[in-house]
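1. 3D model of this:
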Amino acid sequence: MTLRFSVLASGSTGNAFYIESEEEKILVDAGLSGKRIEGLLAQVDVDPAELSRILVTHEHSDHIKGLGIMARRYNLPIYANEKTWSAMEGQLGKLSVDQKFHFNMEETKSFGGLDVESFAVSHDAAEPMFYTFRNNGKKVALVTDLGYVSERIKKTVEDADAYIFESNHDVSMLRMGRYPWNVKRRILGDSGHVSNEDSALALSDILTDRTKRIYLAHLSLDNNMKDIARMSVKNVLEERGFEIGSRIELHDTDPAQATPIYEV
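-> Just a heads-up that it's a prediction; the model follows:
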């Protein structure tokens, strides 16, 4: 086994990602209730008692809602950068000192042979960061909650076997939708979320022959639809010469249904 993962939940109502290697079983974010996360793990036959640790991307509630509960219930260490710890600590409840670990921005940590690299993203949080995972020559990149995809991010995440990549909104749906203008401006801004088209354009710069799967993540319930996101991304990538459906598979994610475990 090299790397196996599932997008347990993705969207503004809650986010959680699971990835495992031979020696590690890691939860990234816990943005739903403990009970919901346990149910999502059960969907992919993972016992939460076997989890190794929890990595945190940023302190927004849709990423940490069940973090304290899961950490206490299963005695799990939590990893986050210093500013994220400061921003979220009051929301987690009581944790023991030996459950609190720092994972700095732009750092690589090795957990049982699984190399995890953190990288900064532009989002309206204290110090948001996401991760790439490498093991036995395989690479998975988790890239959501960012207003734009910088050249530095592209360099960090390029040439992965699989991507979990933000495709948050359809710009026309967002502009015509019911959100107040200040919220629309936040989403469209550099510290907001990536649109379907911008997601596809960024992906077209980083995909290589080794890429087999893309999971479109963090779709807005109000300003996007799975079919629209998939079609928008597919059209742009095909225009740029990528064979979608044959060489590269596009997959949906869901706020309430875990994706089947996939092994890269």
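2. OK, contacts around Ser6?
-> Ser6 sits next to 17-18, 44, 46, 258-262 when contact means Cβ atoms under 8 Å, 6 or more residues apart in numbering. The C-beta positions use only the backbone N, C-alpha and C, and glycine is treated the same way.
3. my bad, Gly93
-> So Gly93 contacts 68-69, 72 (Cβ under 8 Å, 6+ apart).
4. quick one, which of those residues are buried?
-> Buried subset of these (neighbour count, 16 or more other Cβ atoms under 10 Å): 68-69, 72.
5. which of those residues fall within strands?
-> Among those, no member falls in strands (criterion: DSSP state E).
6. now distance to Asp62 and pLDDT too, for the residues you listed, in CSV please.
-> Formatted as CSV, the buried ones among the contacts of Gly93 follow (distance: Cβ to Cβ, whole Å; pLDDT from 0 to 100):
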residue, distance to Asp62, pLDDT
Gly68, 15, 98
Ile69, 15, 98
Arg72, 20, 98
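7. looking at these, which are in helices?
-> Within the buried ones among the contacts of Gly93, membership in helices is found for 68-69, 72, as judged by DSSP state H.
8. could you single out the nearest of the buried ones among the contacts of Gly93 to Gly189?
-> Nearest to Gly189 among the buried ones among the contacts of Gly93: Gly68, at 30.3 Å, using Cβ to Cβ.
9. wouldn't that closest one be in contact with Leu95 here?
-> Yes - using Cβ atoms under 8 Å, Gly68 makes contact with Leu95 at a distance of 6.5 Å.
10. the stretch 101-250 of the chain: strands as residue ranges?
-> Per DSSP state E, counting those that start in this stretch, the stretch 101-250 of the chain carries strands over the ranges 108-111, 114-120, 129-135, 138-143, 162-166, 213-217, 249-252.
11. and the fifth one, how far from the chain's centre?
-> With Cα atoms, centre = their mean, to the nearest Å as the basis, the distance from the averaged C-alpha position of strand 162-166 to the chain average is 7 Å.
12. Provide the strand pairings for that strand, with the direction of each partner.
-> Strand 162-166 has the following strand partners under DSSP bridges: strand 138-143 (parallel), strand 213-217 (parallel).
13. before we move on, back to that, would you turn the ones in helices among the buried ones among the contacts of Gly93 into JSON lines with distance to Ala160?
-> Supplementary listing: these in JSON lines, determined by distance: Cβ to Cβ, whole Å:
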{"residue": "Gly68", "distance to Ala160": "31"}
{"residue": "Ile69", "distance to Ala160": "31"}
{"residue": "Arg72", "distance to Ala160": "33"}
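14. closest one of those to Val183?
-> Gly68 (27.8 Å).
15. for stretch 129-145, what does the pLDDT average out to?
-> Across stretch 129-145, pLDDT averages out at 97.
16. stretch 77-88 now?
-> Regarding stretch 77-88, the rounded mean pLDDT is 98.
17. so for that stretch, what gets flagged as buried?
-> Within stretch 77-88, the residues that qualify as buried are 77-81, 83-85, 87-88, counting by 16+ other Cβ under 10 Å.
18. cool, stretch 254-264 as well?
-> Under the neighbour-count criterion of 16+ other Cβ under 10 Å, stretch 254-264 has 254-255, 258-259, 262, 264 buried.
19. nearest to Arg186, of the ones in helices among the buried ones among the contacts of Gly93?
-> Gly68 (26.9 Å).
20. state the pLDDT value of the closest residue in space to the closest one that isn't next to it in sequence.
-> Of all residues not flanking Gly68 in the chain, Leu92 sits nearest, at 3.6 Å (Cβ to Cβ, 6 or more residues apart in numbering). For Leu92, the pLDDT comes out at 97.
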